[in-house]
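In: just coords:
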């Protein structure tokens, strides 16, 4: 069963399915070592990686496993946000996002995730959304907490980031605690 990727509009942003024209901006985002310093995979070194990511987004949709949306501000790509591991039987999914440095500190991640969560709870009828953040990524933890996520625990030494073993915080948001604002 496929899960069509929606187009969502917020006050300042447009969230939409990825298209092939996003490849260059996506590569720029994911090849930035500073942006990915807490990511669980190294920065991209080959532009073809962006094309594979976009293809994987389409496959995710086709398989009904989730949706990743490109995020635009004034028509320019600034990052992405998505739901993966969608399980309609358990009514759950995982939230993830990545934004370029120029987008940091403007509330875009919170605004974007809020729109995706609204779609998740209202349209997909989810009961639970989970998210993880590297324990050094305090900014991402703040975004999740602003959205109402509750810190549920720590996955000890679950990733190797830039050669360093790191821990991840696990956050959960239940439908009954969701406040769309």
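Out: Noted; the coordinates are in hand. Since we're looking at a predicted model, the values are computed, not measured. Residues are numbered from 1 along each chain as shown.
In: What ranges does this protein have for its strands?
Out: In the chain, the strands defined using DSSP state E lie at 8-9, 13-17, 67-73, 76-87, 92-99, 128-134, 150-161, 164-174.
In: Report the inter-axis angle for the third one versus strand 76-87.
Out: Orientation of strand 67-73 against strand 76-87 (axes from the mean of the first three to the mean of the last three C-alpha atoms, to 10 degrees) gives an angle of 160 degrees.
In: Contacts made by strand 67-73 with the rest, please.
Out: For strand 67-73, the surrounding residues in contact (C-beta atoms under 8 Å, 6 or more residues apart in numbering) are 3-8, 12-19, 22, 26, 57, 60-61, 77-84, 86, 99, 103, 108, 112, 116. Just so you know, the C-beta spots here come from the backbone N, C-alpha and C atoms, and that holds for glycine as well.
In: Determine which stretch of the strands of the chain is the most buried.
Out: Mean neighbour count, computed with mean count of other C-beta atoms under 10 Å, is highest for strand 67-73 among the strands of the chain, reaching a mean of 23.
In: mean confidence score for that one?
Out: Across strand 67-73, pLDDT averages out at 97.
In: Stretch 12-21 too?
Out: In this model, stretch 12-21 has a mean pLDDT of 97.
In: Redo the strands of the chain as a markdown table? Include distance to residue 34.
Out: Below are those laid out as a markdown table (distance: least, C-beta to C-beta, whole Å):
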| stretch | distance to residue 34 |
| --- | --- |
| strand 8-9 | 28 |
| strand 13-17 | 23 |
| strand 67-73 | 19 |
| strand 76-87 | 14 |
| strand 92-99 | 12 |
| strand 128-134 | 14 |
| strand 150-161 | 13 |
| strand 164-174 | 15 |
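In: Go through those and name the closest to residue 31.
Out: Residue 31 sits nearest to strand 92-99 of all these, at 11.9 Å, using C-beta to C-beta.
In: and that closest one, what does it pack onto?
Out: Other helices and strands packing on strand 92-99, by 3 or more C-beta pairs under 8 Å, 6 or more residues apart in numbering; DSSP states H and E, are helix 23-30, strand 76-87, helix 108-122, strand 128-134.
In: Out of the strands of the chain, the one nearest residue 32 is which?
Out: When the strands of the chain are compared for distance to residue 32 using C-beta to C-beta, the nearest one is strand 92-99, at 9.8 Å.
In: Perfect, I'm done here.
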